[in-house]
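1. mind folding the following:
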Amino acid sequence: MMFVEANKGCAADMAKVAELLSPDEVQINTPLRPCAVSPLSDGEVNVIEREFSNLKNVVTVYKALKPEIMPFDLVETLRRRPKL
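-> Have a look, this model is predicted:
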């Protein structure tokens, strides 16, 4: 579920829907890449996360494990990267 300033007040209602659906996992996100809306702070996401405390597997964008990702061909990836 993507949360921004405009819908952060809906977290309790969204948590109720999630409980009805009984998902294996709930992901609480906020946009971290550049876009038209600002991300919520870690503290705001923590408040939202508490609304989902009745669910077993809740992951937030700020607490999720970040896997190490390597390109298939590092030389080619670097060659294509724009020069800054």
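2. quick one: mean pLDDT for the helix or strand hosting Arg79?
-> In this assignment (DSSP states H and E), Arg79 forms part of helix 74-80. The average pLDDT within helix 74-80 is 86.
3. which residues touch that helix?
-> For helix 74-80, the external contacting residues (CB atoms under 8 Å, 6 or more residues apart in numbering) are Pro71. Any C-beta I mention is one placed from the backbone N, CA and C, and that applies to glycine too.
4. same deal with stretch 58-73?
-> Under CB under 8 Å, 6+ apart, the answer for stretch 58-73 is 25-30, 32, 42, 45-46, 49, 52, 77.
5. now do the contacts for the residue most central in space within the chain.
-> Central residue of the chain (CA atoms, centre = their mean): Asn29, 2.2 Å from the mean position. Shown in contact with Asn29 (CB under 8 Å, 6+ apart): Met1, Met2, Phe3, Thr60, Val61.
6. re earlier: check the contacts of stretch 58-73 for the minimum pLDDT and say which it is.
-> For the contacts of stretch 58-73, the pLDDT minimum is Thr77, 83.
7. any idea how far Glu44 is from that one?
-> 34 Å (CB to CB, to the nearest Å).
8. and what of Ala6?
-> Counting by CB to CB - Ala6 and Glu44 are separated by 13 Å.
9. so the two - more neighbours on which side?
-> Ranked by neighbour count (other CB atoms under 10 Å), Ala6 and Glu44 place Glu44 first, with 16 against 8.
10. quick one: secondary structure of that one?
-> Recorded secondary structure, Glu44: helix (DSSP: H, G, I helix; E, B strand; the rest coil).
11. tell me the pLDDT at it?
-> pLDDT recorded at Glu44 is 97.
12. any weak-confidence spans in the chain?
-> 84 (pLDDT under 70).
13. what segments of it are strands?
-> Using DSSP state E, the strands of the chain run over 26-28, 58-60.
14. out of those strands, which comes closest to Ala11?
-> Ala11 sits nearest to strand 26-28 of all the strands of the chain, at 8.4 Å, using CB to CB.
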